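>>> Provide a 3D model corresponding to the input given below.
(2 chains)
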Amino acid sequence: MTKASPSNYTKTGPISYIPNETSAQVRQRNMNESLLTFPKGGVHPPEAKELTEHSAVESLPIPEEVEILLNQHFGAPCNPLVNKKDLVVEGDVIGNVEKGLGAAIHASVTGTVKAIGVSAHPIAVKAPSVTIQTDPSAEPRAWPASDWKALSRDELLGRVKNAGIVGIGGAGFPTHIKLSPPSNAKVDTLILNGAECEPYLTTDHRLMLEHPEKVIEGASILLSILGIKECRIGIEANKPDAIDAMKTACNKASSNGFKVTVSPLKVKYPQGSEKQLIQSITGRRVPGFGLPFDVGVIVQNVGTAKAIYDAVVLQKPLYEKIVTVSGRGIARTANLLVRIGTRISDIVSFLGGTTSGLAKVVLGGPMMGFAISTLDIPVTKTTSGILFLTEGEIDARPYSQCIRCGWCLEACPMGLLPNEIGVYVEAGRAGDTSPFGVFECFECGCCAFACPAKRPLVQFIRLAKMKAKK
Amino acid sequence: MVGAPLLTVSVSPHVKSGESVEKIMWTVVACLLPPLILSIFIFGIQTLIITAISVASCVAAEALSQRLLHRPITIKDGSAAITGLLLAYVIPPGVPYWIPILGAVMAIYVAKHLLGGIGFNIFNPALIGRAFLMATFPVAMTSAWLPPIRDAAVFKYMGSGIDAVSTATPLYVLKHYGASALMEKFGSMSTIYGDFFVGWRPGCIGETSALLLLIGGLFLMYKRYITWHIPVSVIVSVAFFTWVFGGERLFMGNPLLAILSGGVFLGAFFMATDYVTSPSQVPAKLIFGAGIGALTVLIRLKGGYPEGVCYAILLMNPLVPALEGWFRPKRFAPQKGA
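Here you go, the predicted model:
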């Protein structure tokens, strides 16, 4: 592993995407862009995006069966709306919430309900699920486009809700709720998050490169729902081809009075964290325990914008997902379009199996993702990556005592004291850590990444959150 | 899945920076070696022997202390080796060979491990070792100064009666006999600046070469292991207070002579910057460094010893927890009441 430093961004060399453009010209153009960033903290992990950034998205063949989890994301688990042996068609609603937060879940394949049972879950270990046996003879369902411009705000929101869209970038907050801020909130800016600051992941990159016009149209729909005019798309500068594709699409799109612009961002983790992104692009600071609309902003992932395009223009529910499968522990790396509910083991078989050095499998990015113990876990709406990491890619050295170097203080984007929290937790005083800001921590992992003593600071902080008094 | 590999499961993040405690410590060791090599040519081969005894004693003391206290043995992390080097660097080049052994036990067992081990010691262990030696063996520690060798005769002081050749340090001469006596002994001011900057002057083993210590310190800054704040504030503060109070009248002191003599560069770059015993936030670092400089000058001018860097750092060390409490990172968005 190399030491993170600003010169590291271009260690793979600038990517040329205009024919006959020299790398010096690319570099010059990148320098001409004024790159926005957040002022406090952050780290530069090795990007490792070269493994998949040039791989076009390919569709995974529909697996023989899918296991669709009924609690995929933030909010209440869904109740199953189908019974065993029912016939379902892809896009049919199979689960929904009765009350409270949540989003509908749809069949991702056409076939027969084989079981309503329990499956392995990446975080909750076990969770209720619906298993569908695919009908291999079924024709793919067609989703014709229709014009949405005449629809009212409520109709648009209704289509988003019916499609079961949740925030694709992170925790999976139901999108229709995020798009209904309280009436006293004065939202003036929509930010589309295309930062994709996690190492390895390239799903947003490929999406912006391959379907920029759909993302932009999704942004227009979002602006119509919110009743505002301005959208800014934040993209880290290590995706110059995506920045260009999105800029071109912005210029081509009929304006409708909307102002949609691309903001290139400095490559720095966690640039794509909601609060940091808002500060990078608008200079506004979300208050403690506040939400983006407190400073007049709504943030949506570019993948969510594309899902909204599908939901509104095609009336197609969210039942497939682009997933980056990467790392040096898998025979072939790829960006795959997979049906929700596809087991990771099916993806592994498709890509030729794992390699001998495999040490860890992570759902999501390496900075904030979850390590899993079994490959039987199905893909959910929020799975953005499946990383097969070898011993050389992870750092499994044992941790030692804090040497008070203060690097975690420098790395923390929230200005917290991870070193003190760790020392207190080790001393059995996890309950006394709230003065150090445990509840402001969003577990980006910068502190533990930077720590030369390899201390599991995020683990200490999670423990502190459980024990500390608010 | 048959033959599925055993997977590691742990909390994020799953990737970590390539830095480690070992890498930092051994880099510091490497940065400290050039002054040692030069000291062989200034004071003779016995500096190498004293340093080797000091490092070996510190590493052994670390292993024994950890064994005794039932803690994991961490001698490979290099921190005991640094303490050993620093301890040797702040004792005179003509001391008996058992001196660093006693200092090492005091530094590692008492000042480091009895206070909780790495990360928990309040005082810089090497300096506690030196302070202990100064208090218990004052004669050996204040009279074993050797005049620099000019002809690379590195075995000159081996086996010979050191008392016969011992000399005085520039700061001692300056304190007790004044500037004219200093020039009489060490040459014109321009010769003094040149000799002292490169390292040819009486002094402790590793403190004389401002040049090599500066190069080592700059390398640590380049590696981002230390920042400029503490070294610069120490050196500027020593220069400033000497200029103001160090002369016959106010503003008549010689700041350049002050920073090139004694242990200012060694202390500023390698002792005051010790992670455990120095603050982490910029304003606290500047106050810490300035305090060290002011106390150094106070001891030099008004105290019983001609040199004050060691005690100045030891006096500022216990203020670090308070400085850390007063100067904390600015929160992005503090919750109410926090």
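>>> Domain map for the chain?
As the question left the chain open, I've gone with chain A. Under the assignment automatic domain parsing, the domains of chain A span A:65-134, A:153-314, A:319-390, A:407-467.
>>> please go with chain B instead
Looking at automatic domain parsing, the domains of chain B come to B:21-143, B:168-201+B:209-324.
>>> okay, those domains in TSV with distance to A:Pro270 and mean neighbour count next?
All C-beta spots, glycine's among them, are computed from the backbone N, C-alpha and C. Output for those, formatted as TSV (distance: least, CB to CB, whole Å; neighbours: other CB atoms under 10 Å in any protein chain shown):
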stretch	distance to A:Pro270	mean neighbour count
domain B:21-143	25	21
domain B:168-201+B:209-324	20	20
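>>> Any regions of the stretch 151-300 of chain A where pLDDT drops low?
Scanning the stretch 151-300 of chain A for pLDDT under 70 picks out the ranges A:254-255.
>>> mind redoing it with 90?
Residues of the stretch 151-300 of chain A that meet the criterion pLDDT under 90 lie in A:167-174, A:177-178, A:181-185, A:251-258, A:287-290.
>>> which is the next helix or strand following the helix or strand where B:Val238 lies?
Using DSSP states H and E, B:Val238 sits in helix B:229-245. Sequence-wise, the next helix or strand downstream of helix B:229-245 (DSSP H and E) is helix B:255-260.
>>> Check what contacts that next one and list those residues.
B:170, B:174, B:189, B:192-193, B:196-197, B:210, B:235, B:238-240, B:242-243, B:246, B:264-265, B:297, B:300 (CB atoms under 8 Å, 6 or more residues apart in numbering or on different chains).
>>> Same check on stretch A:416-434?
Outside stretch A:416-434, the residues touching it (CB under 8 Å, 6+ apart) are A:402, A:404, A:406, A:408-409, A:412, A:436-438, A:440-441, A:447-448, A:455, A:457, A:460-461, A:463-464, A:466-470, B:119, B:328-329, B:331, B:338.
>>> Can you go through these and name the buried ones?
Among the contacts of stretch A:416-434, those classed as buried by 16 or more other CB atoms under 10 Å in any protein chain shown are A:402, A:404, A:406, A:408-409, A:412, A:436-438, A:440-441, A:447-448, A:455, A:457, A:460-461, A:463-464, A:468, B:119, B:328-329, B:331.
>>> Chain neighbours aside, what residue packs nearest to B:Leu220?
B:Ile226 (4.7 Å; CB to CB, 6 or more residues apart in numbering or on different chains).
>>> still on that earlier bit, let's see which of the contacts of stretch A:416-434 end up in strands.
In strands, judged by DSSP state E, none of the contacts of stretch A:416-434 are found.
>>> Spell out which parts of the stretch 151-300 of chain A neighbour chain B.
A:199, A:275, A:285-290 (CB under 8 Å from any CB of the partner chain).
>>> out of these, which are buried?
Counted by 16+ other CB under 10 Å, those give A:199, A:275, A:286, A:288 as buried.
>>> sorry, back to before: how about a markdown table for the domains of chain B, with mean pLDDT added?
Shown next, in a markdown table, are the domains of chain B (pLDDT from 0 to 100):
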| stretch | mean pLDDT |
| --- | --- |
| domain B:21-143 | 96 |
| domain B:168-201+B:209-324 | 95 |
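>>> how about the ones you listed in a markdown table, adding distance to A:Glu213?
Formatted as a markdown table, these follow (distance: least, CB to CB, whole Å):
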| stretch | distance to A:Glu213 |
| --- | --- |
| domain B:21-143 | 48 |
| domain B:168-201+B:209-324 | 44 |
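>>> residue ranges of the helices in the stretch 51-200 of chain B, please?
Assigned by DSSP state H, counting those that start in this stretch, the helices in the stretch 51-200 of chain B fall at B:79-89, B:99-105, B:125-136, B:138-143, B:162-165, B:170-177, B:179-186, B:189-198.
>>> Quick one: list the elements packing against the following helix or strand past the last one.
This means helix B:189-198. For helix B:189-198, the following helix or strand on the C-terminal side (DSSP H and E) is helix B:210-222. Applying 3 or more CB pairs under 8 Å, 6 or more residues apart in numbering or on different chains; DSSP states H and E, we find helix B:210-222 packed against helix B:21-43, helix B:189-198, helix B:264-266.
>>> Figure out which of those helices is closest to B:Met141.
Closest to B:Met141 of those is helix B:21-43 (CB to CB; 15.3 Å).
>>> Just the C-alphas of that closest one, formatted as CSV.
Extracted in CSV, the C-alpha atoms of helix B:21-43 (Å, rounded to 0.1, in the frame of the first residue of the first chain):
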residue,chain,number,x,y,z
VAL,B,21,4.0,2.8,14.7
GLU,B,22,7.0,0.7,13.7
LYS,B,23,7.5,2.7,10.5
ILE,B,24,7.3,6.0,12.3
MET,B,25,9.7,5.0,15.1
TRP,B,26,12.3,3.4,12.9
THR,B,27,12.2,6.4,10.6
VAL,B,28,13.0,8.6,13.6
VAL,B,29,15.8,6.2,14.5
ALA,B,30,17.2,6.6,11.0
CYS,B,31,17.0,10.4,11.2
LEU,B,32,18.9,10.3,14.5
LEU,B,33,21.8,8.2,13.1
PRO,B,34,23.8,10.9,11.1
PRO,B,35,24.5,13.0,14.3
LEU,B,36,25.8,9.8,15.9
ILE,B,37,28.1,9.0,13.1
LEU,B,38,29.4,12.6,13.1
SER,B,39,29.9,12.4,16.9
ILE,B,40,32.4,9.7,16.5
PHE,B,41,34.6,12.1,14.5
ILE,B,42,34.0,14.9,17.0
PHE,B,43,34.4,13.1,20.3
